[in-house]
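Colleague: Below are the sequence and a predicted model; questions follow.
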Amino acid sequence: MQSKMIAPQFEGNIVAHPLSPSVLAKLGGLKQWPPVSQEFDPHSSWQHTFRIWICHGYTNRGNENVGLIRLARTPEPGGLTFRLSVRQTILHVGGIRQSLDADITCRNDLFGSPIDWHLENRFFRGDRLSSTLSNSLEGRRRADRIELRTGDSVSQMNRVKNVGSDWSVFDAVQRWPFQRSQSPSFDLLENLTVRRSGQRIFYRGVENFHHEGRDLRLHHFVQLGPGMLPYDYWLDRQRRLVLVTTFTRAYILDSNYVLETAGSASR
Amino acid sequence: MSQCEETSDRKRSLNRRKFIKLGGASMVALSVSHSAKMGAGPKPSREPNLLVIITDQQHIDTVAAGGCPYLRTPALDTLAQRGVSFRQSFTPNPICSPARSAMMTGRMSSETGVYRNQRPIRSTIPNLGQWFSENSNYETLYAGKWHLPRSYSLTIPGFKVLHTGIGGQGNVCDPAVSMASEAYLRERNRDRPFLMVASFLQPHDICEWLRLNMSVPEKPRYPELGDEVPPLPDNFEFDQNEAHHIQALRQRYEGAKGRWTPEHWRYYRWSYYRHIEQVDGEIGRLLRALKETGQDENSLILLTSDHGEGLAHHQMVRKSSPYDAALKVPLLISLPGQIPPGGVNDHHLVSGLDIVPTLCDFAGIEAPPKMRGYSLKPLLEGKTSQWRDHVVSEVYRDEGRVVRTERYKYITYRDDPIDMLFDTRKDPGETQNLAQDPKYKSVVSEHREILKQWEAQLDVAPDVPSAEVWWRKEGA
């Protein structure tokens, strides 16, 4: 099934419509669409850099880049698992920079289920690390149990079945079939720590999108579940995740993006 | 703090009786009942840690353990089960900065000078952090939204700021607020107790949601949700005999401007509950850190919000209205061994003004002078006590007042021909305005008199715009 994306009508300076490729384009958030990468194979090694762009719902203010996330996938020998490296930086008011770095061993399954992971959370004021506000966490999945270890403390999540993380779904959705289907229900580990049970992903079909002289066919998945606003995933025909929109946030594939850490989020 | 006009009063011993007298409210004797017995744990040998969790724009009925079936809130449920939930809990002002100024000082927003958003607290009135840092051994810490005047600031008087945030983007910045607070709780030097304010922005992001969803889609955006979308509230339809200020407020908001369908109103409600679940996850992170570091048992946790959310009641969205959806806020307070777990207090009228005196009481220090609120400690400990018989809220840029008594709720705005009166016992949804009914003339008069007396005690900041309105002029 295919549908054509219609550019929305704003209501004065109110956006009035949820973020989508056409809304982003009209708001100037997209800039250049990522060039086609014929070699992209979601099952092999790849690296994506997404610009994190936020919208306050106004057409004329508050729309800005606040960070980036860099994901790198490396298959492990045997093909049953892969490594997912995550480097995320967000700028906050006052020049505070939060850096979340994760190294995850994932199953090569439907959700990129995390098996073992290390998460490093650090805060910087300018270039200075706030050591008292930084910590690390180790996690591991064993059978139907997840253990989270922070320093000497261990907490457990029991009776887990299907598990993904907000970052591993960025990988997994690229390996999903482009056909009408609904995923099994799964738990999503937000920031690898907060459990959001009952997530589902649906395939919506193809949406045709005209942007800067190019006709683009985007495959569209939707994630719904408790604890979060819906996620919309947009993939190109190479199965490459080029855009994620969720509520006020857009993750825009932008390989050349460099975060200007000298600035900070407004307001 | 040296600038505070109350400085000379600060050292003065202020016993409870005198404090109540200074408060100026009439008091009635009420017996206190709790649904659970006092916990059996030993009394702490030293001052408890004080963790104040503030959410932004949280409707009071958004705790699964409190009976809301439309969301999952394991962290809020833990807090409800750990202590006492107040069900008659009112904000002093249903707008962000004014409410926060009152919560952080124990004074009305007309006194703090913060009668609208983004004004600073009057320099002569100490905030919670200033008072504790100068009068106690507590370490005073702040993370997240401040809004007095700026939403986020690296410098807040009286507090060490752990983290700021990003305006209007709680879904982005709240995890950082909780992670910074968590790290500090785990790593801190424990040679003295802490007073930490973790101030989350969610569910305030519903304001961004409203701007991004003002237009009604031709078909449901997420038909997969099916029956998960909650129904409309019982008081979706309302009495049209309404103060003009409220009518104007409604017309300015997205529900009216977007000519929403019932389906879109329901989708808005579904989305709002997801915002609550988001912040619940961050609150859970703090609770886990406290527990895993052994600080849980000696930590008082107070959770509240600056104001509520329309949530389709009276076809309103957002805040600023005097209806209960915006005026009532969650207030959950717990301290193992001192506050009985699982209690629900559904009859005492409490206010955000009570936060400062309550925290001072548990910390064993005197409250600042001229408090308009009272310590909740006697109620929390299940002791029979005298308690106030009314609460007053200021509404919308100091232009309106709400007086809530045990049974009635009276609303009046300046320059508005329509006053409102609700019998909260017969009409808890506030759907029938009785103010113009001759049978209730004496009730209206009685509430106007309460308001005048309340106003007479206030030390109003010189630049608030309502200095000449009837409730102030006649009460002076």
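Modeller: Here it is on my side, so go on.

Colleague: which SS class is the residue in chain B that chain A sits nearest to?
Modeller: Using C-beta to the nearest C-beta, B:R211 is the residue of chain B that sits closest to chain A, at 2.5 Å. From N, CA and C alone the C-beta is placed, and that goes for glycine too. At B:R211 the chain is in helix, as set by DSSP: H, G, I helix; E, B strand; the rest coil.

Colleague: what's the answer for B:A99, then?
Modeller: Criterion first, three-state DSSP; result for B:A99: helix.

Colleague: and if you look at the one 5 residues further on?
Modeller: The assignment at B:M104 comes out as helix when based on three-state DSSP.

Colleague: And the pLDDT at it?
Modeller: We have a pLDDT of 98 for B:M104.

Colleague: Could you do B:Q130 as well?
Modeller: On the pLDDT scale, B:Q130 gets 98.

Colleague: Ok, B:V464 next?
Modeller: 88.

Colleague: Tell me who's in contact with it.
Modeller: B:110, B:113, B:115, B:398 (C-beta atoms under 8 Å, 6 or more residues apart in numbering or on different chains).

Colleague: Test my guess that the third one contacts B:V395.
Modeller: No: under the criterion of C-beta atoms under 8 Å, B:Y115 lies out of contact with B:V395, with a separation of 10.5 Å.

Colleague: Below-threshold pLDDT in the stretch 1-150 of chain B: ranges please.
Modeller: B:1-45 (pLDDT under 70).

Colleague: Where do the helices of it begin and end?
Modeller: Using DSSP state H, counting those that start in this stretch, the helices of the stretch 1-150 of chain B run over B:7-10, B:16-23, B:74-82, B:96-105, B:109-112, B:128-135.

Colleague: which one of those helices is the most hemmed in?
Modeller: helix B:96-105 (a mean of 29; mean count of other C-beta atoms under 10 Å in any protein chain shown).

Colleague: And for it, what's in contact with it?
Modeller: Under C-beta under 8 Å, 6+ apart, the answer for helix B:96-105 is B:54, B:56-57, B:91-93, B:107-109, B:111-119, B:121, B:125-129, B:146-149, B:204, B:304, B:306-307, B:319, B:352-353, B:355-356, B:368, B:394.

Colleague: ok, for B:G165, nearest residue in space, not its chain neighbours?
Modeller: B:C173 (3.8 Å; C-beta to C-beta, 6 or more residues apart in numbering or on different chains).

Colleague: re the thing from before, name the pair among the contacts of B:V464 with the greatest separation in space.
Modeller: Pairwise distances across the contacts of B:V464 (C-beta to C-beta) peak at 10.2 Å, for the pair B:G113 and B:D398.

Colleague: So for the two, which residue has more residues nearby?
Modeller: B:D398 (25 against 22; other C-beta atoms under 10 Å in any protein chain shown).

Colleague: for the host helix or strand of B:Q386, packing partners?
Modeller: Using DSSP states H and E, B:Q386 maps to strand B:385-388. The contact analysis (3 or more C-beta pairs under 8 Å, 6 or more residues apart in numbering or on different chains; DSSP states H and E) places strand B:385-388 against strand B:27-30, helix B:377-380.

Colleague: how about the contacts of B:V464 in TSV, adding distance to A:P8?
Modeller: TSV is the format used below for these (distance: C-beta to C-beta, whole Å):
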residue	distance to A:P8
B:S110	43
B:G113	42
B:Y115	37
B:D398	38
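
Colleague: Next to chain B, which bits of the stretch 151-267 of chain A? Give me the list.
Modeller: A:151, A:153-155, A:182, A:190-191, A:193-194, A:196-197, A:200, A:202, A:222, A:224, A:226-230, A:246-249, A:265-267 (C-beta under 8 Å from any C-beta of the partner chain).

Colleague: among the residues you listed, which are in strands?
Modeller: Using DSSP state E, A:153-155, A:190, A:194, A:196-197, A:200, A:202, A:222, A:224, A:246, A:249 are the members of those that sit in strands.

Colleague: Scan the residues you listed and report the most crowded one.
Modeller: Of these, with other C-beta under 10 Å as the count, A:V194 tops at 22 neighbours.

Colleague: got the CA positions of stretch B:112-121 in CSV?
Modeller: In CSV, the C-alpha atoms belonging to stretch B:112-121 read as follows (Å, rounded to 0.1, in the frame of the first residue of the first chain):
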residue,chain,number,x,y,z
THR,B,112,6.0,36.8,46.5
GLY,B,113,5.4,39.2,43.6
VAL,B,114,5.2,36.3,41.2
TYR,B,115,1.6,36.9,40.0
ARG,B,116,2.5,35.7,36.5
ASN,B,117,5.1,33.5,34.9
GLN,B,118,8.8,34.3,34.9
ARG,B,119,9.0,36.8,37.7
PRO,B,120,11.5,36.5,40.5
ILE,B,121,10.5,35.9,44.1
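
Colleague: now what about it, what contacts it?
Modeller: So stretch B:112-121 is in contact with B:95-98, B:100-102, B:104-105, B:109, B:122, B:125, B:127, B:147-151, B:394, B:397-398, B:461, B:463-466, going by C-beta under 8 Å, 6+ apart.

Colleague: returning to that earlier point: okay, the helices of the stretch 1-150 of chain B in TSV with distance to B:T164 next?
Modeller: Converted to TSV, the helices of the stretch 1-150 of chain B look like this (distance: least, C-beta to C-beta, whole Å):
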stretch	distance to B:T164
helix B:7-10	30
helix B:16-23	35
helix B:74-82	23
helix B:96-105	15
helix B:109-112	22
helix B:128-135	15
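
Colleague: Out of those helices, which gets nearest to B:T412?
Modeller: That would be helix B:109-112 among these, by C-beta to C-beta, at 14.8 Å.

Colleague: where along the stretch 101-250 of chain A do the helices fall?
Modeller: A:168-172.

Colleague: and the residue of it nearest chain B?
Modeller: A:S153 (3.5 Å).

Colleague: which residues does that residue contact?
Modeller: B:186, B:292-293.

Colleague: Check which residues of stretch B:262-270 are buried.
Modeller: Going by neighbour count (16 or more other C-beta atoms under 10 Å in any protein chain shown), the buried part of stretch B:262-270 is B:264-270.

Colleague: in the sheet, who's paired with the residue nearest to B:Y413 when sequence neighbours are not counted?
Modeller: Ranked by C-beta to C-beta, 6+ apart and with sequence neighbours excluded, the top spatial neighbour of B:Y413 is B:G400, at 4.1 Å. For B:G400, the beta-bridge partners are B:V395, B:Y413 (DSSP bridges).
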